[in-house]
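> generate coordinates for the sequence data below:
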Amino acid sequence: MEVDRRRAREREEGAATIEHAGLSLLVALLAVGLVAAIASGPSPAGRELGFALARKLRCAAVGPGPCWRDPLTEAYGRSLAGAVRALAPLARPAGPDGLLPVDFRRCSSPSCARPGPRPGLTASNRRVTEFVSVEDRRRSLGTVRITYWLYRPTLGWEEVVRLVSGTEAARLSTTPLLETAIPALVALETLDGRDQFEFSPDEQPPWRWRVESVYP
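Alright, predicted model coming up:
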């Protein structure tokens with residue numbers, strides 16, 4: 001009799017655990033949806049609140065300690081990440097439609113690359129995005145070559161090169177690295193499958209097969 005009662009309690013506890021897990025998942029999904037709605041709203045304060053909530057949710061999932069690290073730091077180290085951020089070119093509209101640089105993984109048509117109602121955002125409410133690659137030649141030539149690759153649908157790629165000395169890179173190393181900075185910068189060295197993305201014949205990226213991978 002005692003064995004039967006114990007088994008019944010174990011079944012009840014197991015069912016409660018499954019129900020608790022399901023409820024937790026539902027709450028998490030609702031929270032993510034709420035954060036996304038706030039972050040995509042028209043109010044700058046609302047977007048900042050959305051980003052802050054997203055960071056809190058992400059941090060809670062990984063436990064104590066820093067839970068977000070700047071992607072540029074992951075790719076190039078803090079000593080160069082600041083220079084990469086500080087020297088990012090100002091993205092200007094180009095072409096007859098005034099297109100802004102965008103992330104080709106999320107936007108491949110002119111409609112989502114047109115300027116939005118606020119500076120630094122596109123018509124699809126995404127941050128202007130620039131891709132970047134770095135050649136660290138401080139030991140051999142004392143310089144760092146930073147190349148920014150700007151993609152605009154139907155217009156293709158624009159290449160902007162910054163050549164800085166090791167001294168200048170060190171001076172810029174303390175540049176703040178904010179998660180919400182504009183433009184968004186994507187390090188090609190850590191972009192998975194970058195050479196396998198498909199583009200139209202007239203939009204083939206000039207950096208394809210030229211960038212060595214970095215594994216943070």
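> show me where the chain has strands.
For the chain, applying DSSP state E gives strands covering 129-137, 143-152, 156-165, 184-187.
> which one of the ones you listed lies closest to Pro205?
strand 156-165 (5.8 Å; CB to CB). Quick note: C-beta positions are derived from backbone N, CA and C, even for glycine.
> which residues in this structure form helices?
2-39, 44-62, 71-76, 78-86, 166-171 (DSSP state H).
> just the CA atoms of the third one, as CSV, please.
Read it as helix 71-76. Extracted in CSV, the C-alpha atoms of helix 71-76 (Å, rounded to 0.1, in the frame of the first residue of the first chain):
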residue,chain,number,x,y,z
PRO,A,71,31.0,41.2,-31.3
LEU,A,72,33.9,43.5,-32.4
THR,A,73,35.8,42.5,-29.3
GLU,A,74,35.1,38.9,-30.0
ALA,A,75,36.6,39.2,-33.4
TYR,A,76,39.5,41.6,-33.0
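> buried sites along that helix?
71-73, 75-76 (16 or more other CB atoms under 10 Å).
> count the neighbours of the closest residue to Leu150 other than its chain neighbours for me.
Nearest residue to Leu150, sequence neighbours excluded (CB to CB, 6 or more residues apart in numbering): Pro101, at 3.8 Å. Close neighbours of Pro101, defined as other CB atoms under 10 Å, add up to 28.
> ok, Glu135 next?
Neighbours around Glu135, by other CB under 10 Å: 14.
> so who does the closest residue to it other than its chain neighbours touch?
Distances taken as CB to CB, 6+ apart put Arg145 closest to Glu135, at 4.1 Å, once the chain neighbours are dropped. Residues in contact with Arg145 (CB atoms under 8 Å, 6 or more residues apart in numbering) are 134-135, 137, 161-163.
> out of those residues, which end up buried?
Here, 16+ other CB under 10 Å leaves 134, 162 buried among the contacts of Arg145.
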